[in-house]
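Novice: Dropping the sequence and predicted coords here.
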There are 2 protein chains.
Amino acid sequence: MGEFDLIARYFTRPVRRSPLGVGDDCALLQPGPGMQLAVSTDMLVEGRHFLSTVDPRALGHKALAVNLSDLAACGARPLAFTLALALPQVDEAWLEGFSEGLFALADAHACELVGGDTTRGPLAINITVFGEVPAGQALLRSGARPGDDLWVSGTLGDARLALEAFRGTVSLPQAAFEAARARLERPTPRVALGLALRGVASAAIDVSDGLLGDLGHVLRRSKVGATLEAGCAPRLLDALRHGLALPPERIEDLVFAGGDDYELAFTAPPGRRAAVEAAAAATGTPVLRIGRVDAEPGLRLHDAQQRPLTRRFAGFDHFGA
Amino acid sequence: MGEFDLIARYFTRPVRRSPLGVGDDCALLQPGPGMQLAVSTDMLVEGRHFLSTVDPRALGHKALAVNLSDLAACGARPLAFTLALALPQVDEAWLEGFSEGLFALADAHACELVGGDTTRGPLAINITVFGEVPAGQALLRSGARPGDDLWVSGTLGDARLALEAFRGTVSLPQAAFEAARARLERPTPRVALGLALRGVASAAIDVSDGLLGDLGHVLRRSKVGATLEAGCAPRLLDALRHGLALPPERIEDLVFAGGDDYELAFTAPPGRRAAVEAAAAATGTPVLRIGRVDAEPGLRLHDAQQRPLTRRFAGFDHFGA
């Protein structure tokens, strides 16, 4: 199958909202009046972001999910995406699975494929996603203020736990493994929550590299610090509800520095607690208050007795150790 | 150097027109009132789209040029781009050269980097580019009508000639080699011409896979055919002006099926010939009339005596032979 047949068979579908989709030199997008276009791009490389054995359906889901998660963190409504795909060979079973997983998530968010590129090469997937947000209403990393509460959605650490299980560094009960694996392979972008937090949250980021590292971006951009209650860790690791037992430090490592979570970490003034809870309830998304923003720069962890934890957590860096 | 240092050092510059650039979960773009956003994405993979020995400056130029060429083919004005980069290692000399070549072309077109992603992996470069075009004025592939003239900008075949010289299948005089190599490594996106052809051309495409193959897309989308004068080939191969001698069939192969040209092929009614010439003169871009659009489907080549040429040309396909 040639490049053009491949595109026609697996990646060409009529567009509904965009003025022009796949098949011309460019796609055309038309954000609504007064809207800004939010744009994010993520590249997934085999061996780095996913295992070669991963189900292509899950990979199609995840490649789009990590991008939708960035829109969620900005409070932008998904509109469209482009897909660039380097493939070592044309494997129709793989393409069918990949496109099925991709379009299932795309359809769930009314996010349409408008263009792309395919080429032969080591397996790599690059999606660029477009959303719209009313001008001036995007959630930014720079809006956190001293006194704000620190919140996180859903659960943290389970994706990393599944990765460690695949690597053989931890052995999991079956139920905990299945739940953790689903979190690794089929993350849920918190799009509805992100939209509901517009006008409520003061800053937001999606947790992709680990909570501490990602919070660090918010704090630096906002020129503030924060204190985090380490005691929240066991409440955030879902696997503990599926029969797993782990030492407290291991739980903290997973929750605070695991990565690949695609939850939202966000700040909001204490006066907006009811509004945060309402946004969470309206979108069916669990949220947990995990600390507060301080004027003093840096990120501090406290134990249940308000004593500072001084141990180090390794952040995730694609070029790090 | 970690991922974030790398981005900060080589790929973070203040944005001027976009509301938000590199450093948040999303970038924000704000197309002008009444404007549509034109979007295109191209992935370049080592060994497939460029040689491992290529000057990183040239590669930075080309990675953006091939995307700007798609905007040109739509008559869209460049606004911004995102860059996703998979790198086998952090090579500062390479990054410095690459970013220099990239930003030199970006600055020349006032096209600003607003976001991206970097990861470790086999060398791959994916740029997604954004331009704006007044709603309804984009040049499409679907607008060619029987009776229209067929035009092409600049020169064709020289990029492929350079590739053949690198492969050792042809030996070139020094001047011809240097000129051809510049066409391969530093193509000129015809952005100004694309803008000037709005309201003049009836259809357009950029020539990336070879003239015949790319014209085929225009003809199919427009539901028309075309007749091309094969006699134009020697006028389009620039190397012939630099002391190269080649058999006529070889010249035709290069010009009609070479690929990697990033010129514009476009159609316009015969009544707009003066307007086409004026657009070409105003933008300093040579154009040549090379045939005409017919009602009969298919693409025919005629020799100087109006006899049909029946030989086959191999098109370029990233998954083809």
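Specialist: Perfect, I can see it now. Residues are numbered from 1 along each chain as shown, chains lettered A, B, ... in the order given.

Novice: What is the strand or helix carrying A:Leu113 packed up against?
Specialist: Taking DSSP states H and E as the definition, one finds A:Leu113 inside strand A:112-120. If you count contacts as 3 or more C-beta pairs under 8 Å, 6 or more residues apart in numbering or on different chains; DSSP states H and E, strand A:112-120 packs onto helix A:3-11, strand A:27-29, strand A:77-87, helix A:92-108, strand B:35-45. For every residue, glycine as well, the C-beta is placed using N, CA and C.

Novice: Would you give the sheet partners of it, along with the direction of each?
Specialist: Applying DSSP bridges, strand A:112-120 is found paired with strand A:77-87 (parallel).

Novice: what's the span of stretch A:81-95 from first residue to last?
Specialist: One end of stretch A:81-95 sits 18 Å from the other (C-alpha to C-alpha, to the nearest Å).

Novice: buried sites along that stretch?
Specialist: In terms of neighbour count (16 or more other C-beta atoms under 10 Å in any protein chain shown), stretch A:81-95 has its buried residues at A:Phe81, A:Thr82, A:Leu83, A:Ala84, A:Leu85, A:Ala86, A:Leu87, A:Val90, A:Trp94, A:Leu95.

Novice: what's the neighbour count on the residue nearest to A:Arg198 when sequence neighbours are not counted?
Specialist: Using C-beta to C-beta, 6 or more residues apart in numbering or on different chains and skipping the chain neighbours, the partner closest in space to A:Arg198 is A:Gly75 (4.2 Å). Around A:Gly75 there are 29 other residues, counting by other C-beta atoms under 10 Å in any protein chain shown.

Novice: quick one on the thing from earlier: and of the helices and strands packed on strand A:112-120, who's closest to A:Arg220?
Specialist: Closest approach to A:Arg220 among the helices and strands packed on strand A:112-120 is made by strand A:77-87 (27.6 Å; C-beta to C-beta).

Novice: Low-confidence bits of the stretch 201-321 of chain A, can you list those?
Specialist: A:312-321 (pLDDT under 70).

Novice: Could you pull out the helices in it for me?
Specialist: For the stretch 201-321 of chain A, helices defined by DSSP state H, counting those that start in this stretch occupy the ranges A:211-222, A:233-236, A:248-257, A:273-283.

Novice: Redo these as CSV? Include distance to chain B and mean neighbour count.
Specialist: Shown next, in CSV, are the helices of the stretch 201-321 of chain A (distance: least, C-beta to the nearest C-beta, whole Å; neighbours: other C-beta atoms under 10 Å in any protein chain shown):
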stretch, distance to chain B, mean neighbour count
helix A:211-222, 7, 22
helix A:233-236, 21, 20
helix A:248-257, 15, 21
helix A:273-283, 18, 16
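
Novice: and of the buried residues of stretch A:81-95, the nearest to B:His49?
Specialist: Out of the buried residues of stretch A:81-95, the member with the shortest distance to B:His49 (by C-beta to C-beta) is A:Ala86, at 10.1 Å.

Novice: and of the helices and strands packed on strand A:112-120, who's closest to A:Pro134?
Specialist: Between A:Pro134 and those, the tightest spacing by C-beta to C-beta is seen for strand A:77-87, at 9.7 Å.

Novice: the inter-axis angle of that closest one versus helix A:3-11?
Specialist: 140 degrees (axes from the mean of the first three to the mean of the last three C-alpha atoms, to 10 degrees).

Novice: What angle do strand A:35-45 and strand A:77-87 make with each other?
Specialist: Orientation of strand A:77-87 against strand A:35-45 (the same axes, to 10 degrees) gives an angle of 30 degrees.

Novice: what's near enough to touch the residue nearest to A:Arg198?
Specialist: A:Gly75 makes contact with A:Val133, A:Gln137, A:Ala138, A:Leu139, A:Gly194, A:Leu195, A:Leu197, A:Arg198, A:Ala201, A:Ala204, according to C-beta atoms under 8 Å, 6 or more residues apart in numbering or on different chains.

Novice: so A:Ala282 touches A:Leu195, yeah?
Specialist: No. Applying C-beta atoms under 8 Å as the test, A:Ala282 and A:Leu195 come out as separate, 9.9 Å apart.

Novice: Residues that sit against both of the two, list them.
Specialist: With C-beta under 8 Å, 6+ apart, A:Ala282 and A:Leu195 have no common neighbours.

Novice: Point out the residues in the stretch 151-300 of chain A that sit beside chain B.
Specialist: Residues of the stretch 151-300 of chain A lying near chain B by C-beta under 8 Å from any C-beta of the partner chain: A:Ala204, A:Ile205, A:Asp206, A:Arg221.

Novice: ok, now which ones touch the first one?
Specialist: This points to A:Ala204. A:73-75, A:139-141, A:194, A:197, A:218, A:264-267, B:25.

Novice: Can you tell me which of the residues you listed has the most neighbours?
Specialist: Most surrounded of the contacts of A:Ala204: other C-beta under 10 Å gives A:Ala73, at 36 neighbours.

Novice: and the angle from whichever strand or helix holds that one to helix A:211-222?
Specialist: Under the criterion of DSSP H and E, A:Ala73 resides in helix A:56-74. Per the same axes, to 10 degrees, the angle that helix A:56-74 makes with helix A:211-222 is 30 degrees.

Novice: number of nearby residues for the residue of the stretch 101-250 of chain A found nearest chain B?
Specialist: Closest approach of the stretch 101-250 of chain A to chain B (C-beta to the nearest C-beta) occurs at A:Gly121, with a separation of 3.4 Å. Other residues near A:Gly121 number 22, with proximity taken as other C-beta under 10 Å.

Novice: what do you get for the one 10 residues further on?
Specialist: For A:Gly131, the count of nearby residues is 31 (other C-beta under 10 Å).

Novice: Quick check: it touching A:Leu71?
Specialist: Yes. A:Gly131 is within contact range of A:Leu71, at 4.0 Å (criterion: C-beta under 8 Å).

Novice: intersection of neighbour lists for those two?
Specialist: Counting by C-beta under 8 Å, 6+ apart, the residues touching both A:Gly131 and A:Leu71 are A:Ala38, A:Arg77, A:Pro78, B:Cys26.
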